[in-house]
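Student: this one's sequence-less:
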């Protein structure tokens, strides 16, 4: 057999296959014997043999999977790759961020380590200081408080365990630039996440203050769940480095852009271990939300489009149906605009789908009445018998698509794809000082957390059992994020809105 035809993993027989093979061999060796049927002595012997060999096969698979990093898992990754490369698996981490405090007219002094409790989780002040009323105080989870539960929404309130003079309850979670509150709480690094990090550092070993060493140090920062660090060597000239990093998402779609508290923690960790003469700049990651529009054809047997004529169709060229923000918007009443007028008008009884980014789900809205208003349609939603969601209010400009219960199955592969993107460049090609690596993103923007969106976005969708076909409509690919600023910022492409359309039959 040619090597190219060999399987890429060890194949072992199932228990039923083992019994069947025993029966076949028994018949070959004793043709005069009665047929081997269920319940016969020979059949029972075959079952006993299958039971005995099952453990051997199980151990053989484990040994085979340990042959390469690509198939290792669990303790194999820790004890072989982690030990050999000197890179342990990252532990579970707690959330961090900031709170807004209440204080008297002369302010209050809060000491690093002072504890507050928010929704049952404990956090500690990260920086001693004198704070005025309404000041922003950085906080981190205390030791032992880890995982996704430590993440808190902006606006959540808590109390101090012991208030300092001039300090009062409550504390209010500060809203970060990306809309999150306390973020970064994540479980222990998964096999896939750990393997990707090991692969990156095996391909580019850390040594002598190179880019990989800065990235490795950032990934090992205590109390910060770093997914991947990125460096821009020579960002401000020889001897300077700009560093950015993304948080390890605790679940698909969780915030990955670090807040100021996390950035300061990584900076303090690295500066304490690298030469003072190195010029390290901590950059900012700016979200670059884009809309994703996909046409799909459902497999036979899947829950298809709820309407015989799904509305709206995708017409392209700016003809998508969107919520008109010039008019009042409620969960059950809003204006839809036909943009360039190429879309047909909606009909009462049709059901549209709206994407809820905060909760990563689609909501159905069945149309009760349609009233033309200039180039818009005033939509009133049918709220009877639970046929429509009545809690989600769309945002101005939100593109809508037709409703099918099957569209929910597309969210995980779409969100997971965006969770694997990285920031873009800080300079355009013409501005790089040479054709080498200086001033360019490391790891490169086209491999290992790529910066651009490509057709790979829809590849995982084909593995969804409900899907027969899928076509990426928007964005036009390849799509690259805007160029950032040297040693200051880089853009990360994120999800703005998702709309799924019916593929024309």
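Tutor: All right, it came through fine. Everything numeric in this text was worked out from a predicted model, so none of it was measured.
Student: Can you tell me, leaving aside adjacent residues, what's nearest to residue 179?
Tutor: Among residues not flanking residue 179 along the chain, residue 154 sits closest, at 6.8 Å (Cβ to Cβ, 6 or more residues apart in numbering). For glycine as for every other residue, the C-beta is placed from the backbone atoms N, C-alpha and C.
Student: State the number of residues packed around the one you found.
Tutor: Neighbour count of residue 154, defined by other Cβ atoms under 10 Å: 16.
Student: Likewise for the one 5 residues further on?
Tutor: Neighbourhood size, residue 159 [other Cβ under 10 Å]: 13.
Student: For it, what are phi and psi?
Tutor: Dihedral angles of residue 159 (phi, psi; degrees, to the nearest 10) stand at phi -130, psi 150.
Student: From residue 168, how far off is it?
Tutor: For residue 159, the distance to residue 168 (Cβ to Cβ, to the nearest Å) stands at 10 Å.
Student: again, but for residue 501
Tutor: Distance of residue 501 to residue 168, computed by Cβ to Cβ: 53 Å.
Student: which one of the two has more residues nearby?
Tutor: Per other Cβ under 10 Å, whichever of residue 501 and residue 168 has more neighbours is residue 501, with 23 against 15.
Student: That one: what's it in contact with?
Tutor: 293, 294, 295, 296, 310, 312, 313, 314, 401, 402, 473 (Cβ atoms under 8 Å, 6 or more residues apart in numbering).
Student: and with 7 Å instead?
Tutor: Counting by Cβ atoms under 7 Å, 6 or more residues apart in numbering, residue 501 makes contact with 293, 295, 313, 314, 401, 402.
Student: now the residues you listed as TSV including distance to residue 325?
Tutor: Formatted as TSV, the contacts of residue 501 follow (distance: Cβ to Cβ, whole Å):
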residue	distance to residue 325
293	19
295	26
313	23
314	21
401	18
402	22
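Student: quick one: which of those is most hemmed in?
Tutor: residue 401 (28 neighbours).
Student: How much space separates residue 66 from residue 80?
Tutor: Going from residue 66 to residue 80 by Cβ to Cβ gives 7 Å.
Student: Over to residue 235?
Tutor: Taken as Cβ to Cβ, the span from residue 235 to residue 80 is 36 Å.
Student: Can you tell me the closest non-neighbouring residue to the residue most central in space within the chain?
Tutor: Central residue check for the chain by Cα atoms, centre = their mean: the C-alpha nearest the mean position is that of residue 419, 3.1 Å away. Nearest non-adjacent residue to residue 419, counting by Cβ to Cβ, 6+ apart: residue 249, 5.3 Å away.
Student: Same question for residue 394.
Tutor: Leaving out its chain neighbours, the residue that sits closest to residue 394 by Cβ to Cβ, 6+ apart is residue 323, at 4.6 Å.
Student: doesn't residue 331 make contact with that neighbour?
Tutor: No - under the criterion of Cβ atoms under 7 Å, residue 323 makes no contact with residue 331, lying 11.7 Å away.
Student: more neighbours, those two?
Tutor: Set side by side, residue 323 and residue 331 show more neighbours around residue 323, with 22 against 17, by other Cβ under 10 Å.
Student: Quick check: next helix or strand after the helix or strand of the chain with the lowest mean pLDDT?
Tutor: None of the helices or strands of the chain scores lower by mean pLDDT, DSSP states H and E than helix 41-65, at a mean of 81. Moving toward the C-terminus from helix 41-65, the first helix or strand encountered (DSSP states H and E) is helix 75-76.
Student: The stretch 51-200 of the chain: helices as residue ranges?
Tutor: Secondary structure of the stretch 51-200 of the chain (DSSP state H, counting those that start in this stretch): helices located at 75-76, 83-85, 191-203.
Student: Need the winner for burial among these.
Tutor: Comparing the helices of the stretch 51-200 of the chain by mean neighbour count (mean count of other Cβ atoms under 10 Å), helix 191-203 ranks first with a mean of 17.
Student: and the next element down the chain from it?
Tutor: Scanning forward in sequence from helix 191-203 by DSSP H and E, the next helix or strand is helix 211-219.
Student: Now do that following helix against helix 191-203, angle only.
Tutor: When axes from the mean of the first three to the mean of the last three Cα atoms, to 10 degrees is applied, the directions of helix 211-219 and helix 191-203 differ by 150 degrees.
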